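Enquirer: this one's sequence-less:
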């Protein structure tokens, strides 16, 4: 009899354990996952466009100076090329060639210095933009109670049924490019209902608009 009671107790515990399994599975299944297309967010964020315009206006004077000097240098090059004189026999022509080469080297250095300045400024501005995008994704994820947000495929025309038949603007240039894009996509499939890209874009642009409004009032 004692053996019977012990067996029944073990059986009851075993059945109770089985009853708990569906609950555990259900809890695991309740995890909410979303995806966001970061490239589309970046392209639609108004601050990105303003940064690009800011960069153009900031370095436009230097760019125009370099372009003018480059045009003048081209004229000098044409004059030298058409000159029939022998620089080994004509000292003035030899000096003219030297001055041209010096001017050319100085202009190349000036261009490189401008390029470095532009890239440093662009990197500084883009760091701010990317931090704002990450913050917006985190805010939307928290508000929507998502447990995980993954980066959606960057080249996702083939994943969007609504875009089928449309001309693709960014076709892969080679088989290697095609394979690279495939390997870089962290998500191979997702339901359109779990994409929060538009919500992230709306939050970024709304916050940026409010920031500009506050700055204009100062």
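Expert: Everything's here; your move. Keep in mind it's a predicted model, so treat the numbers as computed, not measured.
Enquirer: Okay, buried residues for the helix or strand encompassing residue 49 please.
Expert: According to DSSP states H and E, residue 49 maps onto helix 46-82. Neighbour counts using 16 or more other C-beta atoms under 10 Å place 47, 48, 51, 59, 66, 69, 80 of helix 46-82 among the buried residues. Where you see a C-beta, it was placed from the backbone N, CA and C, and this is true even at glycine.
Enquirer: ok, of the residues you listed, which one's closest to residue 139?
Expert: Using C-beta to C-beta, residue 47 is the member of the buried residues of helix 46-82 that sits closest to residue 139, with 15.8 Å.
Enquirer: before we move on, back to that, reformat the buried residues of helix 46-82 as a markdown table; add pLDDT and distance to residue 98.
Expert: Below are those laid out as a markdown table (pLDDT from 0 to 100; distance: C-beta to C-beta, whole Å):
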| residue | pLDDT | distance to residue 98 |
| --- | --- | --- |
| 47 | 92 | 49 |
| 48 | 91 | 46 |
| 51 | 90 | 42 |
| 59 | 92 | 31 |
| 66 | 94 | 22 |
| 69 | 94 | 17 |
| 80 | 93 | 11 |
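Enquirer: got JSON lines for those, with distance to residue 194 too?
Expert: Converted to JSON lines, the buried residues of helix 46-82 look like this (distance: C-beta to C-beta, whole Å):
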{"residue": "47", "distance to residue 194": "26"}
{"residue": "48", "distance to residue 194": "25"}
{"residue": "51", "distance to residue 194": "30"}
{"residue": "59", "distance to residue 194": "42"}
{"residue": "66", "distance to residue 194": "49"}
{"residue": "69", "distance to residue 194": "54"}
{"residue": "80", "distance to residue 194": "65"}
